[in-house]
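Novice: Predicted coordinates and the sequence they were generated for:
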Amino acid sequence: MDTDQNPGAEHKKTDPPSSASAYLDPNYWNQRFSNEEHYEWFKDYSHFRHLIQAHIKHNCSVLELGCGNSQLCEELYKDGITEITCIDLSSVAVERMKERLLSEGNKEIKVLEADMLDLPFHSECFDVVIEKGTMDVLFVDSGDPWNPQPATVSKVMAMLEGVHRVLKPDGIFISITFGQPHFRRPFFHNPKFTWSVEWSTFGDGFHYFFYILRKGRRSLNGGESTKKIEMPSICLYQEELEGEDYIFRTNIDEIDC
């Protein structure tokens, strides 16, 4: 499925930044969102809808981190999940998202300018927190993935501590990412957190990871097992992967769907 779901609309292709560190620059995102109508990181909703439906109920309150110009919130809304709050650090992304939702007649989805490292919400106020590619940005200058830079560790932990705080006692954190379990496990299993960790994938050969962290479900014996959930996979063809942005591209020569 193309990133622009309206085939008659003009779609401006955004050039990749000159270096990976640009992804950490708010000015890069403001400029990008000023010129780009729509972009989906790690594929659009149709590729992981089966996973969302298995874990999010219609009456859940949902917080989306780093909404950008994705259509994820609209797709969730169409599926009956209507209590949604979206945040983004970019003021441009927030204003354009508000304008887009109003043009669609949607006045229920809330969109706020906020920093995911310092969430401006009361504790235990969301049933679900979801991010798609947002946490990956924190790793762009992490150095050795087996031993990330202290600054990277600090930012990732600040994000996860905030997510854990705003989740209700039985809330769920969903992370959609390129990050493989052996790189995410040290963060997710930090003793500060009470969540259990499960994961699934979508795609054949080339995998995106779909993590489900359930607050209050961590093993009482302190174990750090990470459970894989077997779900039907959806094949991603080569032309569907060509839209991935810059550092998130990967070698797909060996994929045989």
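Specialist: Arrived safely. Numbering: from 1, shown residues only.

Novice: only C-alpha atoms for contact and neighbour calcs from this point on.
Specialist: Fine.

Novice: Let's see the pLDDT reported for Arg218.
Specialist: At Arg218, the pLDDT value in this model is 87.

Novice: can you check Phe248 too?
Specialist: So Phe248 comes in at 44 (pLDDT).

Novice: again, but for Asp4
Specialist: 40.

Novice: do the one 4 residues further on as well
Specialist: Each residue has a pLDDT score; the one for Gly8 is 37.

Novice: what's the answer for Ile56, then?
Specialist: The model's pLDDT for Ile56 equals 92.

Novice: what about it, how many neighbours?
Specialist: Residues lying near Ile56 (other Cα atoms under 10 Å) number 17.

Novice: Need the phi and psi values for it.
Specialist: When read as degrees, to the nearest 10, the backbone of Ile56 gives phi -120, psi 130.

Novice: Find the residue closest to it in space, skipping its chain neighbours.
Specialist: With Cα to Cα, 6 or more residues apart in numbering as the criterion, Ile56 has its nearest non-adjacent residue at 7.6 Å, and that residue is Val128.

Novice: Which of the three states applies to the one you found?
Specialist: strand (DSSP: H, G, I helix; E, B strand; the rest coil).

Novice: ok, it touching Pro169?
Specialist: No. Counting by Cα atoms under 8 Å, Val128 does not reach Pro169; the two are 10.8 Å apart.

Novice: The two: who's more crowded?
Specialist: Ranked by neighbour count (other Cα under 10 Å), Val128 and Pro169 place Val128 first, with 25 against 19.

Novice: In contact with that one, which residues are there?
Specialist: Listed by Cα atoms under 8 Å, 6 or more residues apart in numbering, the contact set of Val128 reads Ile56, Cys60, Ser61, Val62, Leu63, Leu167, Gly171, Ile172, Phe173, Ile174.

Novice: got TSV for those, with distance to Ser154 too?
Specialist: As requested, the contacts of Val128 are arranged in TSV below (distance: Cα to Cα, whole Å):
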residue	distance to Ser154
Ile56	29
Cys60	30
Ser61	28
Val62	25
Leu63	22
Leu167	20
Gly171	23
Ile172	22
Phe173	19
Ile174	20
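
Novice: Please identify the one among those residues that lies nearest to Tyr28.
Specialist: Tyr28 has its nearest neighbour among those in Leu63, at 23.9 Å by Cα to Cα.
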